[in-house]
Structures are given as C-alpha cells and as structure tokens.
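Trainee: based on what follows, work out the 3D shape:
(chains A and B)
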Amino acid sequence: AQKVTQTQTSISVVEKTTVTMDCVYETRDSSYFLFWYKQTASGEIVFLIRQDSYKKENATVGHYSLNFQKPKSSIGLIITATQIEDSAVYFCAMREARYKLTFGTGTSLLVDP
Amino acid sequence: AQTIHQWPVAEIKAVGSPLSLGCTIKGKSSPNLYWYWQATGGTLQQLFYSITVGQVESVVQLNLSASRPKDDQFILSTEKLLLSHSGFYLCAWSRDRNTEVFFGKGTRLTVV
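Mentor: This is a model prediction of the structure:
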C-alpha cells in the first residue's frame, strides 16, 4: 500500500527567507504522481505544484519549487521569499495508477514578520 | 473556468440522524469526483471516487454512502450518524486519474 510521510509537524520562519518541507513516500508502482497542497486557516485546500515520477527536472511554479530525489523516494517543497500569507498547513500527496490520492499528515508553516 | 460548490457550509446534527451533503461541478464535463474526510487537525482521507454517472467506488468504510445522480453532482449520505462522523468533508474533482485534484470549500460537520 502507498504511504506518504511528513516528519516535520511545524516550522517557523522569518518573512522573506526560504523554507524547505520534507516528504517521503512508499510505492511499488513505477509510475506515480506527487503533489503539494496548502490548507489555509479557513480550511480551503489549494493545489500548489506537481511532479510526475518519470520527469527528471524539478517542477517550479512561482515561488514554489520541488526537490525530487527519486532514489530516496523524497519530494521536498521549497518556498522562496516567504510571505506572511504563506502561513498554512502544507500537505504532500501521492497518486498511483489508480483513482486514489494519499496524503501525508501535514506540516504547519508559520511565517513571522 | 471550472467551479465546485459544496453544500451546506456547516451542519450540527444529532447522533442517529440522517445526513446528506452535496457538491456540484460546473465547467467540466465527465469529471472524476471524490469525497474526502478530515478529522480536526488530521490528514485528508479519501472516502469515495466516481468516474462516471451512476458508478461510485468506496475507498474506506465509514458507514457512509455516496451517489452520483448527474454528471456534475456528487452526494454523500448516511441514514444514521455516529459521533465519529464529525469532521470536515471535502468534495473534489480531477480531469482524469493522474492529474491534480481540486477541492471545494468543504462542509464542517459536528455530530452531537
């Protein structure tokens, strides 16, 4: 069964710095898809960025980028130039070749001024 | 642009009472639809998915059922609520089985 693990429960950073959030996954499939989502204080869940397992290049969207290390089954999220509004809970998720999306336990990010 | 609308926004229900939650997706024909549940402070757990009208697959058993009566509508229900059903319910959609999932704003359910 697939499994997604986020060991960092919470991170606190100063505004305008860079933060990295860790995520490791387990899967037996050769093809899979990795995602990061953000949950705001209101509960809204927003899709941020994805990485397809067959792509070697790390995905980048705006000030979000990924550190995909396939041999280590690791997909880290990097947020550069953090802003106060980046404060949220961040979830890593994995999708195998079926209709199931499995989420990690989340990392709470607090960005201080 | 696609939009997803969930109703109601919040519910307070008694143990043993019935429940019906719904969502509608506009702007995308034949979407894949999903129901997720999140306990307070917890992760998201997928409950059901549907790839076509009238067909729903269960991912985890929580004494809940789901139906897809129309291409753009997904319903989550139960005849008897349990205390353990409390939480945040999210409807979601995707273009296909490999792409990202987009979530509605959710329904907060409190069972008392």
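
Trainee: what bridges to residue B:19?
Mentor: residue B:78 (DSSP bridges).

Trainee: do the same with the one 4 residues further on
Mentor: Using DSSP bridges, the beta-bridge partners of residue B:23 come out as residue B:6, residue B:74.

Trainee: check residue B:36 too.
Mentor: Bridge pairing for residue B:36 (DSSP bridges) gives the partners residue B:46, residue B:90.

Trainee: tell me the predicted confidence for it.
Mentor: For residue B:36, the pLDDT comes out at 97.

Trainee: mind listing what it touches?
Mentor: By Cβ atoms under 8 Å, 6 or more residues apart in numbering or on different chains, the contact list for residue B:36 reads B:44, B:45, B:46, B:47, B:89, B:90, B:91, B:92, B:103. Every residue, glycine included, has its C-beta placed from N, CA and C.

Trainee: the same query, at a cut-off of 7 Å, please.
Mentor: When contacts are counted by Cβ atoms under 7 Å, 6 or more residues apart in numbering or on different chains, residue B:36 is found next to B:44, B:45, B:46, B:47, B:90, B:92.

Trainee: can you map out the strands along chain B?
Mentor: Using DSSP state E, the strands found in chain B span residues B:3-7, B:10-13, B:19-26, B:32-38, B:44-52, B:55-58, B:65-70, B:73-78, B:87-94, B:102-103, B:107-111.

Trainee: now residue A:12: which helix or strand?
Mentor: For residue A:12, the element it lies in under DSSP states H and E is strand A:10-14.

Trainee: flag every buried residue along the helix or strand following that strand.
Mentor: For strand A:10-14, the following helix or strand on the C-terminal side (DSSP H and E) is strand A:19-21. Residues of strand A:19-21 classed as buried by neighbour count (16 or more other Cβ atoms under 10 Å in any protein chain shown): A:19, A:21.

Trainee: who does residue A:109 form a beta bridge with?
Mentor: With DSSP bridges as the rule, residue A:109 is bridged to residue A:11, residue A:88.

Trainee: how many residues are close by it?
Mentor: Residue A:109 is flanked by 21 other residues according to other Cβ atoms under 10 Å in any protein chain shown.

Trainee: repeat that for the one 3 residues further on.
Mentor: Using other Cβ under 10 Å, the number of residues around residue A:112 comes to 11.

Trainee: and for residue A:59?
Mentor: So residue A:59, with other Cβ under 10 Å, has 18 neighbours.

Trainee: show me the contacts for it.
Mentor: Contacts of residue A:59 by Cβ under 7 Å, 6+ apart are A:49, A:50, A:51, A:65, A:66.
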